[in-house]
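# build me a structure from this.
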Amino acid sequence: MQQGKAIIFSAPSGSGKTTIVQHLNSQFPELEFSISATTRKPRKGVEEHGVHYYFISEDDFRSKIDTDDLVEWEEVYGGNFYGTLKSEVERIWALGKVVIFDVDVKGGLKLKKFFGDNALAVFVKVPDFDTLKQRLQKRKTETERDLEIRLSKAREEMKFEPFFDIALINKNLEDSFKEAEKLIGDFIAK
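As a prediction, the model looks like this:
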C-alpha cells in the first residue's frame, strides 16, 4: 500500500467521537472519512450503502479476510463483522487526502499498529462513567440489555486509553471541537 497520513478517533460508544469526526470533516477539506465495511444490516431509512457503511455479506467479508483485503477487522455485537477495506484507504490517498477513521477501540489500536508514525490515534473519553451511561440512555437507541452490553464493553475499552497517542476529554462539545481542530491541524502540518 502507498503510505499517506491517517487520523484515528476511537472511543467507547457514546463518548462523542462520531460528532467530533463529523465536525472535523466539515472544517478540514483535506480530510476524507473512511467508510467501514460491515456484515450487519443497514438501519432502515437511516443508513445507505457506500455512505454510512459498505454493507456486505458475511461470506464476502470472510473472503476479504482470507485474501488480506482488510487493514483491520473485528467481530462485535453478536456476530457482526466490521472492518476497514484496504481499497477504501487507497481510494482516499489517491485523492491526495488524509484518511480519518471513526472506529471502536480495538479497531483503533489495530489501525495505529498498521500505520505507525503516519497515524495520529486519539482516544475520546467522557469525564466519568456516569456521564457515559447518561449519554447512552439519552440516545434511546438501545434496549436495556443492549445498553448493559455497551456499558460493559465501554468499561473494558477505557483500559486501553494509554495505548493511544492522546486522550481528548469530551466534557463540553465546543471545547472538544477546538481541541480536536488544533490536534488535527498540527498533525496535518507536520
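# this protein: strands as residue ranges?
Shown for the chain, the strands assigned by DSSP state E span residues 6-10, 31-33, 37-38, 54-55, 70-76, 80-85, 98-103, 119-125, 166-169.
# paired strands for the last one, with orientation please.
If I follow you right, that is strand 166-169. strand 119-125 (parallel) (DSSP bridges).
# chain center to the partner strand: distance?
Relative to the centre of its chain, strand 119-125 is centred 9 Å away, using C-alpha atoms, centre = their mean, to the nearest Å.
# ok, and what's touching the lowest-mean-pLDDT helix or strand in the chain?
Lowest by mean pLDDT, DSSP states H and E among the helices and strands of the chain is helix 129-139, with a mean of 76. Contacts with helix 129-139, where a contact means C-beta atoms under 8 Å, 6 or more residues apart in numbering, come from 12-16, 126, 142, 147, 150-151, 154-155, 158. Backbone N, C-alpha and C define where each C-beta goes, glycine included.
# cool, stretch 92-105 as well?
2-13, 17-18, 21, 24-25, 28, 30-34, 36, 72, 74, 76, 82, 84, 89, 107-108, 111, 123, 157, 160, 188.
# kindly report the same for stretch 167-174.
By C-beta under 8 Å, 6+ apart, stretch 167-174 touches 11, 15-17, 19-20, 122-127, 161, 176, 179-180, 183.
# just those: which are in helices?
Among the contacts of stretch 167-174, DSSP state H puts 17, 19, 20, 176, 179, 180, 183 in helices.
# most surrounded residue in those residues?
Using other C-beta atoms under 10 Å as the neighbour criterion, residue 17 leads the ones in helices among the contacts of stretch 167-174 with 27 neighbours.
# in contact with that residue, which residues?
9, 10, 11, 102, 124, 170.
# repeat that for 6 Å
Applying C-beta atoms under 6 Å, 6 or more residues apart in numbering to residue 17 gives the contacts 9, 11, 102, 124.
# so which of these sits lowest on pLDDT?
Lowest pLDDT among the contacts of residue 17: residue 11, with 90.
# okay, now the residue nearest to residue 76 when sequence neighbours are not counted: neighbour count?
Spatial nearest neighbour of residue 76, chain neighbours left out: residue 82 (6.0 Å); criterion: C-beta to C-beta, 6 or more residues apart in numbering. Look at residue 82: counted by other C-beta under 10 Å, it has 22 neighbours.
# if residue 82 is in a bridge, with which residues?
residue 38, residue 74.
# thank you, goodbye.
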